[in-house]
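Trainee: what follows is a predicted structure for the sequence shown.
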Amino acid sequence: MSGFSAEWLELREPFDGLARAGSLVTELKRHVAAGTSAAPLAIVDLGAGAGSNLRYLAPRLGGVQRWRLVDHDSRLLEAALATTQAWAAARGAEARRSGSSLTIRAADFSCEVACQAVDLVDLAAVELPERGLVTAAALLDLVSHDWLETLARRCRTARAAVLLALTYDGRTTAKPAEPEDPVVLAMFNRHQLFDKGFGPALGMRAADAAETSFEAHGYELRVATSDWLIATKDHALQLALVDGWLGAALEIAPESRAALTSWLERRRAHVLAGRSELRVGHVDLAGWL
């Protein structure tokens, strides 16, 4: 599968945390067994990256948890352990590292964290937790319909609850507007459908496809928006996004480089002048049997 840099994941993490639908986590807690020392809640995080999903969920789920972080990039998994250990210590928790595992003892939760370096294209290589929780953040828009259907079927077989967060859904707006914004964003959305290693990507159709697949396998679902709201002061993320939009658009329409570069210069000028606001649409989905 395609990868992301640790720097990008660090940049987006605070915006992810603010965007996520906390009400879904609250409701999910009522449908997953509260972990105890005798029977921890088993959680598999698909495409775990640098561990931001764990850092968001672990305190909110509470109890005793056993996490397995799954990602193809061993460097990101190393970053996940180091960053999570520092995060736990900053919260006043006890955090002990042993090789590729981490133990956290906090006032509101405790967890054992292990890592599995595997390409998620081979979903069969990942054991899903029986009556546990399967979670992922910012993953579904990268995968194919067949991969998603396999995930839903395997989650149903394991009778696992699911929490699939921050799926991009194409609802992006920029203020102040530039005339080319709709064209550039349409090209970006088209680019999102390119193969990311799983086959033709679902892109902005992923949230609807996930709802359809999991409902067909008997899941009761809750869905909520989890949009990034990126303020005028948030220059770094805005610049990274508009640069990414340009890169995607140039792959679609390289003959339009002059017009697209002019658009980028104006968008960057808005950002650097402190007058740009972006909204990027995402969807969170929680489900249980």
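Mentor: Right, received. Where do you want to start?
Trainee: going forward, measure contacts between C-alpha atoms and count neighbours the same way
Mentor: Fine.
Trainee: could I have stretch 281-289 exported to CSV, CA atoms only?
Mentor: Extracted in CSV, the C-alpha atoms of stretch 281-289 (Å, rounded to 0.1, in the frame of the first residue of the first chain):
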residue,chain,number,x,y,z
GLY,A,281,-15.1,16.6,4.8
HIS,A,282,-14.6,13.2,6.6
VAL,A,283,-17.0,10.6,8.0
ASP,A,284,-16.7,8.4,11.1
LEU,A,285,-18.5,5.0,11.3
ALA,A,286,-19.0,2.8,14.3
GLY,A,287,-20.8,-0.6,14.2
TRP,A,288,-21.6,-3.7,16.3
LEU,A,289,-23.5,-6.9,16.0
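Trainee: what about residue 127, which SS state?
Mentor: coil (DSSP: H, G, I helix; E, B strand; the rest coil).
Trainee: model confidence for it, exactly?
Mentor: We have a pLDDT of 96 for residue 127.
Trainee: okay, now it: neighbour count?
Mentor: Residue 127 sits with 11 neighbouring residues when counted by other C-alpha atoms under 10 Å.
Trainee: just so I have it, where are all the helices in the chain?
Mentor: Assigned by DSSP state H, the chain shows helices spanning 6-19, 22-29, 52-61, 74-90, 145-158, 181-191, 206-216, 235-252, 257-272.
Trainee: now do the fourth one: which elements does it pack against?
Mentor: Judged by 3 or more C-alpha pairs under 8 Å, 6 or more residues apart in numbering; DSSP states H and E, the packing partners of helix 74-90 are helix 52-61, strand 63-71, strand 94-98, strand 101-105, strand 109-117.
Trainee: which of these sits most buried?
Mentor: With neighbours taken as mean count of other C-alpha atoms under 10 Å, those reach their highest mean count in strand 63-71, at a mean of 23.
Trainee: circling back: possible to save the helices and strands packed on helix 74-90 as TSV with distance to residue 284?
Mentor: Output for the helices and strands packed on helix 74-90, formatted as TSV (distance: least, C-alpha to C-alpha, whole Å):
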stretch	distance to residue 284
helix 52-61	13
strand 63-71	19
strand 94-98	29
strand 101-105	27
strand 109-117	23
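Trainee: other residues contacting stretch 114-134?
Mentor: Stretch 114-134 is contacted by residues 1, 32-33, 41-47, 67-74, 77, 100-102, 147, 151, 154-155, 158-163, 197-198 when judged by C-alpha atoms under 8 Å, 6 or more residues apart in numbering.
Trainee: how about a cut-off of 7 Å?
Mentor: Residues from elsewhere that reach stretch 114-134 (C-alpha atoms under 7 Å, 6 or more residues apart in numbering): 1, 32, 41-45, 67-74, 77, 100-102, 158-163, 197-198.
Trainee: buried ones in it, by neighbour count?
Mentor: Under the neighbour-count criterion of 16 or more other C-alpha atoms under 10 Å, stretch 114-134 has 114-121, 123, 126, 128-134 buried.
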